[in-house]
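1. sequence? don't have it. structure:
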């Protein structure tokens with residue numbers, strides 16, 4: 001299946017000392033909105049060690065850049081890439097539970113205040129089409145964006161998946177992060193002439209730098225970490241699917257601006273609880289609202305905690 005990779009990067013998050021997450025990390029970072037070869041068309045999700053949050057130095061409201069948003073929500077087909085993935089793997093099934101329950105929740109409702117040029121609001125629906133397992137070897141380190149898009153197009157071409165423009169295809173690999181400075185990222189491209197959105201996630205088992213410190217939901221550390229950044233990347237995909245949607249003057253998307261701050265111990269997604277960082281709300285910021293994480297985080301909400 002022919003693939004086309006976007007040549008415009010929405011942002012790259014530089015950390016101290018390395019790349020950061022497509023969600024901002026717990027480290028202070030600067031953002032460079034210029035393309036950063038060879039990572040074109042990618043928005044990195046930063047998530048390293050909890051050294052410095054940079055909370056309180058965030059830019060104000062995000063603004064619209066005249067491109068599309070996902071007004072119909074997202075159709076999700078997760079791809080699990082690596083030799084140790086099996087249908088009974090608890091992380092694999094846990095991620096399936098996450099996507100099966102996140103649609104229509106107050107958590108995703110934090111994004112619905114944002115619109116595209118037609119006035120249509122960002123959708124909160126998520127339709128989960130299940131998992132594709134590819135047991136071949138994934139990249140051994142940080143992959144190029146083109147490698148992940150190629151995997152998405154290849155995996156989808158082997159099944160009966162009908163590609164749609166609001167399709168979102170997160171790729172979870174068995175590769176550990178190592179010294180790479182990010183936990184995950186999201187990007188965009190096309191397969192067979194259809195524009196799609198996709199994301200990349202490292203194996204975060206035992207990874208202290210991407211650990212959301214979940215002590216209440218019963219999820220394993222690795223699943224909790226993936227759940228947190230999965231929420232982050234999904235929210236950013238909905239509000240900025242092609243790099244021309246909603247972000248601030250520094251290029252930070254809605255989830256970036258609230259990365260590694262939490263309104264409470266967990267967020268309820270229908271009948272399951274997850275520890276997920278919040279999303280930036282222009283409405284909350286303008287009204288002096290936002291949840292409390294030690295101190296008031298003005299503008300950050302998760303749909304559950306004021």
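-> Now that the structure is in, tell me what you want to look at. From a predicted model like this one, the values you see are computed outputs, not experimental measurements. Residues are numbered from 1 along each chain as shown.
2. from now on I want contacts and neighbour counts done on CA atoms only, so please keep to that.
-> Noted.
3. now the helix or strand harbouring residue 91: how far from the chain's centre is it?
-> Element membership for residue 91 (DSSP states H and E) is helix 90-102. Taking C-alpha atoms, centre = their mean, to the nearest Å, the mean C-alpha location of helix 90-102 is offset from the chain mean by 15 Å.
4. and it, what's buried?
-> Neighbour counts using 16 or more other C-alpha atoms under 10 Å place 91-92, 94-102 of helix 90-102 among the buried residues.
5. what does stretch 184-195 give?
-> Quick answer for stretch 184-195 (16+ other C-alpha under 10 Å): 184-191, 194-195.
6. got any ranges where this protein has weak pLDDT?
-> 1-59, 293-296 (pLDDT under 70).
7. quick check: longest helix of it.
-> helix 221-239 (DSSP state H).
8. ok, back up a step: would you list the buried residues of stretch 184-195 in TSV and tack on distance to residue 60 and secondary structure?
-> Listed next are the buried residues of stretch 184-195 as TSV, based on distance: C-alpha to C-alpha, whole Å; DSSP: H, G, I helix; E, B strand; the rest coil:
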residue	distance to residue 60	secondary structure
184	24	strand
185	23	strand
186	23	strand
187	24	strand
188	26	strand
189	29	strand
190	32	strand
191	36	strand
194	34	strand
195	31	strand
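9. identify the farthest-apart pair in the residues you listed.
-> Spatial extent of the buried residues of stretch 184-195 (C-alpha to C-alpha) is set by the pair 184 and 194 at 23.4 Å.
10. okay, now residue 125: neighbour count?
-> Residue 125 is flanked by 18 other residues according to other C-alpha atoms under 10 Å.
11. and if you look at the one 4 residues further on?
-> When neighbours are counted by other C-alpha under 10 Å, residue 129 registers 14.
12. need the buried residues of helix 90-102 in CSV (columns: distance to residue 76).
-> Conversion of the buried residues of helix 90-102 to CSV gives the following (distance: C-alpha to C-alpha, whole Å):
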residue, distance to residue 76
91, 17
92, 14
94, 15
95, 11
96, 10
97, 12
98, 11
99, 8
100, 9
101, 12
102, 11
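13. pick the one among those closest to residue 211.
-> Closest approach between these and residue 211, by C-alpha to C-alpha: residue 91, at 14.7 Å.
14. excluding its backbone neighbours, what's nearest the closest one?
-> Distance criterion C-alpha to C-alpha, 6 or more residues apart in numbering; nearest residue to residue 91, sequence neighbours excluded, is residue 223 at 5.5 Å.
15. what segments of the stretch 151-300 of the chain are strands?
-> 167-176, 182-191, 194-203, 246-247, 267-269, 272-274, 279-280, 292-293, 295-296, 300-301 (DSSP state E, counting those that start in this stretch).
16. now the fifth one, how far from the centre of its chain.
-> Think strand 267-269. Using C-alpha atoms, centre = their mean, the offset of strand 267-269 from its chain centre is 17 Å.
17. what's it packed up against?
-> helix 90-102, strand 272-274 (3 or more C-alpha pairs under 8 Å, 6 or more residues apart in numbering; DSSP states H and E).
18. my guess is residue 113 meets residue 123, correct?
-> No - Residue 113 lies out of contact with residue 123 (C-alpha atoms under 8 Å); the separation is 9.7 Å.
19. shared neighbours, the two?
-> By C-alpha atoms under 8 Å, 6 or more residues apart in numbering, residue 113 and residue 123 have no common neighbours.
20. show me where the stretch 51-200 of the chain has helices.
-> Ranges of helices in the stretch 51-200 of the chain, per DSSP state H, counting those that start in this stretch, are 90-102, 106-109, 145-157.
21. tell me which of these lies nearest to residue 306.
-> Using C-alpha to C-alpha, those put helix 106-109 closest to residue 306, at 11.9 Å.
22. name the residues that touch that closest one?
-> Taking C-alpha under 8 Å, 6+ apart as the rule, helix 106-109 contacts 102, 124, 235, 267, 269, 278, 302-304.
23. of the residues you listed, closest to residue 76?
-> Of all these, residue 76 sits closest to residue 102, with 11.1 Å by C-alpha to C-alpha.
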